[in-house]
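Participant: Quick one: sequence and predicted model below, then my questions.
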Amino acid sequence: MSVTTSLDQKLAQLKLSRMREVVSSLIEAAEQHQLGYAEFLDELLNEELLGRQENQTRRKLKAAGFPYAATLEQFDFNLRPELKRSVMVRFFDSAFVEKAGALLLIGPSGVGKTHLAIALGTRMVQLGYSVRFLTAQQFANGVLAAEGRTALECLLTPLIRCDLLILDEFGYLNVEAQVGPALYELVSGRYTRRATVITSNKSLATWGELVGGDTALMMAILDRLLHHGEVFYLRGASYRMRGKEPLMLGGLAAAAASPPSISGGAPEMGQDVG
């Protein structure tokens, strides 16, 4: 058995997958550059550590539950002049998580709130933090499905303990009486301990409506979010509608010109019945 084959087998047994991939090329490089034993071993161990870090990042990205990939570099700040890149980039630093900050991104659909939230979450995963992403409706569904206190704690505990929680689309929330107290428990449990990002299409003044009209409860939630948090309002047209405005306007004009029939007959396929 050759030395190379023996090395491969032993690295496989030890589950040193990255070292197994690169050992042959590193041996050649060491011979060419006349590396000493210590230098060669250092290079080999660096490769293994790098591989493990990459694997850990992939696992954390999967666990985060991001609906798609997004980066800060992909965000077009020219279309959102009210949002300064130099200001937003401050939240992409580990200090945001370490100081248990809060960030609220508010604006209409399509202005990039979710993109920024995912980009921020992705950056924190790369920095080694645990991140969870879920929509407010997913949270509400989980609360409503929880039967008893134990089930509710099983839902809340991982959301309270992760380093960064992103609650997306707070504004499309299905209003149910028990969701508000669970949301308060979530925010209160993270307050001063963990960082939180919330995106919403509703202004803060209307958030009380999202928890069954309980204004006092929402004030308590906002009190904790805003104490160490900041709010940014995004304005402008939807990214997703760029270049499609004529189609949208044309469709609305056609609908106005031909209102749906209100006779007792069944609507034709594709007809808008409101």
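Facilitator: Sure, I can see it. Numbers count the residues shown, from 1 in each chain.
Participant: The closest residue to V22 other than its chain neighbours - how many residues pack around it?
Facilitator: Among residues not flanking V22 along the chain, E47 sits closest, at 4.9 Å (CB to CB, 6 or more residues apart in numbering). Every C-beta, even on glycine, is put in place using the N, C-alpha and C of the backbone. Here the count is done by other CB atoms under 10 Å, and E47 has 18 residues near it.
Participant: Grab the nearest non-local neighbour of the residue nearest to the spatial centre of the chain.
Facilitator: Per CA atoms, centre = their mean, the C-alpha nearest to the average position across the chain is that of I118, at 3.7 Å. The spatially closest residue to I118, leaving aside those adjacent along the chain, is A70, at 4.1 Å (CB to CB, 6+ apart).
Participant: on that earlier part again, so where does the residue nearest to V22 fall, helix or strand?
Facilitator: Counting by DSSP states H and E, the element that carries E47 is helix 37-64.
Participant: ditto for E176
Facilitator: With DSSP H and E as criterion, E176 is part of no helix or strand.
Participant: For it, which residues are in contact?
Facilitator: E176 is in contact with A140, V143, L144, G212, counting by CB atoms under 8 Å, 6 or more residues apart in numbering.
Participant: phi, psi of the nearest residue to the second one once chain neighbours are set aside?
Facilitator: Beyond its immediate neighbours in the sequence, the residue positioned closest to V143 (CB to CB, 6+ apart) is A182, lying 4.4 Å away. Phi and psi for A182, reported as degrees, to the nearest 10, are phi -70, psi -40.
Participant: What pLDDT is listed against A182?
Facilitator: In this prediction, A182 carries a pLDDT score of 95.
Participant: now do E176
Facilitator: So E176 comes in at 81 (pLDDT).
Participant: Repeat that for Y37.
Facilitator: Each residue has a pLDDT score; the one for Y37 is 89.
Participant: Distance-wise, check A70 relative to L116.
Facilitator: Counting by CB to CB, to the nearest Å, the separation of A70 from L116 is 8 Å.
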